[in-house]
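Enquirer: this is a predicted model, with the sequence first.
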Amino acid sequence: MKKDMPFKAGKVFSIMFEITPNNYLIAANGDRFYEFGHRIPVDQVRWLSVSGDIIVQHLAILGCGTGVKGSLVMSPMQAELIPMMGPPALLPTVPFKANINGGMIPKRSVVVKGIPVGKSFSINLKNGSSSDIALHINPRLSKNALIRNSFVNGTWGQEETQVTKNPVKQGDYFELSIRSGQKSFKIFMNGSPLCDYGYRVFLIWHKWTPWKWKEM
């Protein structure tokens, strides 16, 4: 199926390759773009190369399991580049907290990439001036559930659990993106839309908002 070219000259882009036993699943700018079948056994793929007319802001290789080996090599010029929105937090200590400068204004996204190593973890978008939590995402791997909720005025609200399929599995790499819309958070998992979560806290216009990722 023909798709529009996702890359434009002078525009920021992201591209992710997810490796499966049968192919490469390619996501461009958060959307599933293409599937490319293996032509070389994956255990013989040992190098990553980026060349041409491009400014590289961030490169990462993530994986799990005893069979994962290798490293990412960047030139000194690439390694010294300053990201437009500030450097990502690479391999941070958990629990992790950070400020979202300017708050979760419409069209702003938070991206979390990781590998679950226990039975549960949580990601929270929290009000900067109170204990209110606008969005609590809690994958419970032992129960195959993905919980969404809010904590307002000292009380948890009604849990939302409905998803077509829980994509979070223990030991499997995931990429979670939370995008703020006009009326709800848009949640994407591994490049595909997962669910929406309507605002319960008037949060997005606050000057700053911390978020927290915590293992449970």
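Expert: On my side now, so go ahead.
Enquirer: I'd like the next helix or strand past the helix-or-strand element of the chain with minimal mean pLDDT.
Expert: Across the helices and strands of the chain, mean confidence by mean pLDDT, DSSP states H and E is lowest for helix 76-79: a mean of 45. Once the chain leaves helix 76-79, the next helix or strand it forms, by DSSP states H and E, is strand 96-101.
Enquirer: counting by contacts, list what that following strand packs against.
Expert: For strand 96-101, the helices and strands in contact under the criterion 3 or more C-beta pairs under 8 Å, 6 or more residues apart in numbering; DSSP states H and E are strand 208-215. Using the backbone N, CA and C atoms, a C-beta is placed for each residue, glycine as well.
Enquirer: quick one: buried residues of the helix or strand harbouring Tyr197?
Expert: Mapping Tyr197 onto the secondary structure by DSSP H and E places it in strand 192-198. Using 16 or more other C-beta atoms under 10 Å as the burial criterion, the residues of strand 192-198 that qualify are Leu194, Cys195, Tyr197.
Enquirer: contacts for that strand?
Expert: With contact meaning C-beta atoms under 8 Å, 6 or more residues apart in numbering, strand 192-198 is reached by 31-32, 135, 148, 160, 162-163, 167, 181, 183-188.
Enquirer: by neighbour count, which of these wins?
Expert: Leu135 (25 neighbours; other C-beta atoms under 10 Å).
Enquirer: can you give me the separation between the residue lying closest to it once chain neighbours are set aside and Phe151?
Expert: With C-beta to C-beta, 6 or more residues apart in numbering as the measure, Leu125 is the residue that lies nearest to Leu135, at 4.3 Å, once sequence neighbours are left out. Separation of Leu125 from Phe151 (C-beta to C-beta, to the nearest Å): 11 Å.
Enquirer: with Asn190 instead?
Expert: Relative to Phe151, Asn190 is positioned 27 Å away (C-beta to C-beta).
Enquirer: ok so, going back, the residue nearest to Leu135 bridge partners, please.
Expert: When bridges are assigned using DSSP bridges, the partners listed for Leu125 are Leu135, Trp211.
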